[in-house]
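Student: this one's sequence-less:
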């Protein structure tokens, strides 16, 4: 039989004079398409679309396709080297994968494949994806965002199924019941792999956690079924374990980090305390972080971009707890509530300090609070933002596509137990009137130090602008100069 077509929907069938068994396909190319008869171009197309077809494809007496796809093999017959070799072949110069999952089912649909967790060094592709779709070992597409859940798009590898409809619109594909079932099947297999890995090789699981965390956290937020499967697999970097302590089942050491689970953290909380302390930036929040850890408090380090959305999700799923950032409030356990003795004018030390700081700042948007904080590592001052206010500030900055700054209204905590603050109080009490002036030299120095204390708190959280930093440095030099003149 001879089949003939000129590219239109119309074609003709006629008897053929061909005597040999087999099929000849003859293509007539237009002049601008002549590149398609070049051997290098033909080889490129065959390698892309037909590399894993189960029959030999020869060009100039050379077999140029691999033919035997590993995903069609029984996983018992494959070694780790086989999986890694396929990954490097499909994704050259991308290093080795972290782990992989071999997919194989023939009911209620036929599907084989191998999916890899890659080592993500930069931003992952959460839009188009890098998983290659095959149909009976013939390459179809490298964009399968309508088939797998969005949180799995940065995975790499192959999905081969003849049961995925290919001649329908994207919207129809997304609503197809079988396609949804395939997505659920893939998610479950990945969750099962992660469960097994965490149980059988906890150390390796902790070692790769930072690379697989984005998949798991985003997947949990976007897919309820997946969330139920992985809720106990989520790890959190914690300050709990010191170098001298030994690793336990609840605390997993990996390099310079220690990991724990949310359930383990909750079990270590007292019955009356259901607040989970966390830090999003060890550098900018170091002052508050050190204050808490010096009192033996455990702090979780939630320092990725995803965590800003993940924390509210965790609170929604765990109604009995709340997350409190280290620089949002003070716990009663780090305050020294010993009664204060009033001076001859009836003012306590805290009242006097508050008056000094408030009058020096002359800013009604800054609420000054004086606290006697425990611990030698407690700072002279720090700025606190109530948790909900700070979250609103962060969301607003995100919507405006800018970095979150320090809100105009904030709380300044002054630590009356710190030597610097105690020295400020003593300096204020030793006023000497010069030339009958109502404003003494000590008054000016006290005011400068009070402002400096506030600016130190702002500097520790990145709240000083470039122009303010220069002024801060000048004031620092002036204060040191005045103190040298006074005491040397």
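Tutor: Yep, it's here. Fair warning: this is a prediction, and the values are worked out from it, not measured in the lab.

Student: does residue 182 count as helix, strand or coil?
Tutor: helix (DSSP: H, G, I helix; E, B strand; the rest coil).

Student: if I look at it, how far off is residue 144?
Tutor: In this view, residue 182 and residue 144 are 10 Å apart by Cβ to Cβ, to the nearest Å. All C-beta atoms are positioned from the backbone trio N, CA, C, and that covers glycine.

Student: cool, and residue 260?
Tutor: Shown here: residue 260 relative to residue 144, a distance of 35 Å by Cβ to Cβ.

Student: With residue 279 instead?
Tutor: From residue 279 to residue 144 the distance is 38 Å (Cβ to Cβ).

Student: now residue 29
Tutor: 31 Å.

Student: more neighbours, those two?
Tutor: residue 144 (21 against 10; other Cβ atoms under 10 Å).

Student: from what I can see that one touches residue 133, true?
Tutor: Yes - using Cβ atoms under 8 Å, residue 144 makes contact with residue 133 at a distance of 4.8 Å.

Student: Need the overlap of contacts for the two.
Tutor: In terms of Cβ atoms under 8 Å, 6 or more residues apart in numbering, residue 144 and residue 133 are both contacted by the residues residue 159.

Student: Tell me which helix or strand residue 413 sits in.
Tutor: Assigned by DSSP states H and E, residue 413 belongs to strand 410-415.

Student: buried set for the next helix or strand after that strand?
Tutor: Later in the chain than strand 410-415, the nearest helix or strand by DSSP H and E is helix 419-429. For helix 419-429, the neighbour count (16 or more other Cβ atoms under 10 Å) marks 420, 421, 424, 425, 427, 428 as buried.

Student: count of neighbours near residue 28?
Tutor: 7.

Student: before we move on, the earlier item: pairing partners for the strand holding residue 413, with directions?
Tutor: According to DSSP bridges, strand 410-415 forms sheet pairs with strand 366-371 (parallel), strand 381-384 (antiparallel).

Student: if you compare those, which one is most tucked away?
Tutor: Among these, ranked by average contacts under mean count of other Cβ atoms under 10 Å, first place goes to strand 381-384 (a mean of 23).

Student: Would you state the strands of the stretch 201-350 of the chain in chain order?
Tutor: Applying DSSP state E, counting those that start in this stretch to the stretch 201-350 of the chain gives strands spanning 236-238, 252-254, 257-260, 275-279, 300-301, 322-325.

Student: will you turn these into CSV that also has distance to residue 17 and mean pLDDT?
Tutor: Shown next, in CSV, are these (distance: least, Cβ to Cβ, whole Å; pLDDT from 0 to 100):
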stretch, distance to residue 17, mean pLDDT
strand 236-238, 75, 95
strand 252-254, 72, 91
strand 257-260, 74, 94
strand 275-279, 80, 93
strand 300-301, 78, 96
strand 322-325, 80, 93
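
Student: Distance to residue 108 for the ones you listed - can I get that in JSON lines?
Tutor: As requested, the strands of the stretch 201-350 of the chain are exported to JSON lines (distance: least, Cβ to Cβ, whole Å):
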{"stretch": "strand 236-238", "distance to residue 108": "38"}
{"stretch": "strand 252-254", "distance to residue 108": "39"}
{"stretch": "strand 257-260", "distance to residue 108": "38"}
{"stretch": "strand 275-279", "distance to residue 108": "42"}
{"stretch": "strand 300-301", "distance to residue 108": "42"}
{"stretch": "strand 322-325", "distance to residue 108": "42"}
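
Student: Contact partners for the spatially most central residue of the chain?
Tutor: Geometric centre of the chain, nearest residue: residue 304, 3.2 Å, by Cα atoms, centre = their mean. The contact partners of residue 304, by Cβ under 8 Å, 6+ apart, come to 213, 214.

Student: please redo it, this time with the cut-off set to 10 Å
Tutor: Neighbour list for residue 304: 210, 213, 214, 217, 280, 310 [criterion: Cβ atoms under 10 Å, 6 or more residues apart in numbering].

Student: ditto for residue 459
Tutor: Contacts for residue 459 (Cβ under 10 Å, 6+ apart) come out as 284, 287, 383, 468, 469, 472.

Student: Emit the PyMOL select command for whichever of the residues you listed are buried.
Tutor: A single PyMOL command selects the buried members of these (16+ other Cβ under 10 Å):
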select buried, resi 284+287+383+472
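
Student: Of all pairs in the contacts of residue 459, which one spans the longest distance?
Tutor: Greatest spatial distance among the contacts of residue 459 (Cβ to Cβ): 287 and 468, at 17.7 Å.

Student: Now render the strands of the stretch 201-350 of the chain as TSV, adding mean neighbour count and distance to residue 38.
Tutor: Formatted as TSV, those follow (neighbours: other Cβ atoms under 10 Å; distance: least, Cβ to Cβ, whole Å):
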stretch	mean neighbour count	distance to residue 38
strand 236-238	22	54
strand 252-254	19	52
strand 257-260	21	53
strand 275-279	21	59
strand 300-301	22	56
strand 322-325	18	61
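
Student: Select, out of these, the one closest to residue 393.
Tutor: Smallest distance to residue 393 across the strands of the stretch 201-350 of the chain (Cβ to Cβ): 11.9 Å, for strand 322-325.

Student: what sits up against that closest one?
Tutor: 274-281, 285, 288-289, 299-300, 302, 307, 310-312, 314-315, 331, 384-387, 390-391.

Student: Starting from that strand, tell me which strands it pairs with and how they run.
Tutor: Next to strand 322-325 in the sheet, as set by DSSP bridges, lie strand 275-279 (parallel).

Student: how far away is residue 320 from residue 269?
Tutor: 10 Å.

Student: count of neighbours near residue 414?
Tutor: Neighbours of residue 414 (other Cβ under 10 Å): 27.

Student: Find me the pLDDT at the residue nearest to the centre of the chain, would you?
Tutor: If you check residue 304, the pLDDT there is 88.

Student: Just the ones of the contacts of strand 322-325 in helices?
Tutor: 288, 289, 307, 310, 311, 312, 314, 315, 387, 390, 391 (DSSP state H).

Student: Reformat those residues as a markdown table; add distance to residue 325, neighbour count and pLDDT.
Tutor: Listed next are the ones in helices among the contacts of strand 322-325 as a markdown table, based on distance: Cβ to Cβ, whole Å; neighbours: other Cβ atoms under 10 Å; pLDDT from 0 to 100:
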| residue | distance to residue 325 | neighbour count | pLDDT |
| --- | --- | --- | --- |
| 288 | 8 | 26 | 89 |
| 289 | 10 | 24 | 91 |
| 307 | 11 | 19 | 91 |
| 310 | 14 | 19 | 94 |
| 311 | 9 | 20 | 94 |
| 312 | 13 | 13 | 93 |
| 314 | 13 | 22 | 95 |
| 315 | 13 | 14 | 93 |
| 387 | 6 | 17 | 88 |
| 390 | 7 | 19 | 82 |
| 391 | 9 | 18 | 84 |
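
Student: just the helices in the stretch 101-250 of the chain please.
Tutor: All helices of the stretch 101-250 of the chain, identified by DSSP state H, counting those that start in this stretch, fall at 170-175, 177-200, 202-207, 209-222, 224-230.
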